[in-house]
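> here are the coordinates; sequence isn't available:
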């Protein structure tokens, strides 16, 4: 019965990923805070975005909080993404086991960009002034290993976006599970991300004047422009991962994720990671039905520091088609 259940779930995911190719229409442009859909972990990028059954430790706080449940050491993670159009995305996270409280973690991700020149309809070449824009999210997570095979985690987070003098904010939650099936090292995981309130831009720049009859003898009236609220990019992800062990020194991990986002519909990610001596890793992955991304490559190496722990350094490159290629770097410390 157990093997049948495992097979059924695996086939369901494969069918879900296969249906990705047939979908033709999405609700594009109906969600805001798009930066929440960007990957922060170079390892995940190298795996084509497959993450829900793969990530562990502080990196998992961003993807699936259940990934910290059975960590017995403290974990610190940092990543830097050189995104398109001079956009940068940085991530910092920390998790630790706490007796009686499972595992607890905090994370922050910040997207920044260079200042832009301000233009108006009367001055389309620029006013001589500049404005900035940024987005960030901060979250706190708690996860428990409920049985020796099943883990559950939840994250509460605050999301904020700013452009010039306008800003919006929202509260959201992430939920995740991780289940080791008992069949060798096959694991199945699920996550729901960005379940929360709608956001709406507001600020002093919405206050202006309006002259309804364009009469020089009539004083303009003070008005305040209204903005439309928007939902966060709610997503559901289901994935599996399995390790093919060749010998004591090398193994090949295969991971497959199927996922659905509120404004994008069904997509899938497939990743492979070859590891030698639990130190050197080489990765490749592929995203199905992404706007521009498809093939990804990456690698990493874990250094052992006597008396401290390990430091893992990872790099990934992703093909963005007509856009510039993106480079990600991440650093993970276990101590």
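That came through, no problem. Predicted model, so just to flag it, every value in this text is computed and none were measured.
> which of the three states applies to residue 205?
Classification of residue 205 using DSSP: H, G, I helix; E, B strand; the rest coil returns helix.
> so, low pLDDT: which residues of this protein?
Counting by pLDDT under 70, the chain shows low-confidence ranges at 1-29.
> quick one: the helices in it, in order.
2-19, 42-46, 60-63 (DSSP state H).
> now the second one: buried residues?
Neighbour-count burial for helix 42-46, with 16 or more other Cβ atoms under 10 Å as criterion, is recorded at 42-46. C-beta coordinates here come from the backbone N, C-alpha and C atoms, glycine included.
> ok now do the closest residue to residue 131 other than its chain neighbours, which residues does it touch?
Among residues not flanking residue 131 along the chain, residue 164 sits closest, at 3.9 Å (Cβ to Cβ, 6 or more residues apart in numbering). Neighbour list for residue 164: 118, 131-133, 203, 205 [criterion: Cβ atoms under 8 Å, 6 or more residues apart in numbering].
> centroid-nearest residue for the chain?
Residue closest to the mean C-alpha point of the chain, counted by Cα atoms, centre = their mean, is residue 39 at 4.3 Å.
> leaving out chain neighbours, which residue sits closest to that residue?
Closest to residue 39 by Cβ to Cβ, 6+ apart is residue 45, at 5.0 Å.
> do I have it right that that neighbour meets residue 328?
Yes - the criterion here is Cβ atoms under 8 Å, and residue 45 meets it with residue 328 at 4.9 Å.
> give me the common contacts of those two.
Counting by Cβ under 8 Å, 6+ apart, the contacts common to residue 45 and residue 328 are 39, 298, 316, 318.
> which of those residues are buried? Put it as a PyMOL command.
To isolate the buried members of the shared contacts of residue 45 and residue 328 in PyMOL, using 16+ other Cβ under 10 Å:
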select buried, resi 39+298+316+318
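> can I get the shared contacts of residue 45 and residue 328 in a markdown table with distance to residue 33?
Converted to a markdown table, the shared contacts of residue 45 and residue 328 look like this (distance: Cβ to Cβ, whole Å):
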| residue | distance to residue 33 |
| --- | --- |
| 39 | 15 |
| 298 | 26 |
| 316 | 23 |
| 318 | 21 |
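> now, the shared contacts of residue 45 and residue 328 that are in strands?
298, 316, 318 (DSSP state E).
> show me where the stretch 1-150 of the chain has strands.
Per DSSP state E, counting those that start in this stretch, the stretch 1-150 of the chain carries strands over the ranges 75-82, 87-97, 103-113, 116-117, 130-131, 133-145, 150-163.
> how far does the first one sit from the chain's center?
The reference is to strand 75-82. 12 Å (Cα atoms, centre = their mean, to the nearest Å).
> which elements pack onto it?
Here strand 75-82 touches strand 87-97, strand 326-334, going by 3 or more Cβ pairs under 8 Å, 6 or more residues apart in numbering; DSSP states H and E.
> and those as a markdown table, adding distance to residue 272?
Output for the helices and strands packed on strand 75-82, formatted as a markdown table (distance: least, Cβ to Cβ, whole Å):
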| stretch | distance to residue 272 |
| --- | --- |
| strand 87-97 | 24 |
| strand 326-334 | 18 |
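> sorry, back to before: of all the buried residues of helix 42-46, which comes closest to residue 87?
residue 45 (15.2 Å; Cβ to Cβ).
> OK, contacts around the closest one?
Contacts of residue 45 by Cβ under 8 Å, 6+ apart are 39, 285, 296, 298, 316, 318, 326, 328.
> compile those into a markdown table and extend it with columns for distance to residue 125.
Below are these laid out as a markdown table (distance: Cβ to Cβ, whole Å):
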| residue | distance to residue 125 |
| --- | --- |
| 39 | 37 |
| 285 | 44 |
| 296 | 40 |
| 298 | 42 |
| 316 | 39 |
| 318 | 35 |
| 326 | 31 |
| 328 | 36 |
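> which members of these are the farthest-apart pair?
Farthest-apart pair in the contacts of residue 45 is 285 and 326; separation 13.5 Å (Cβ to Cβ).
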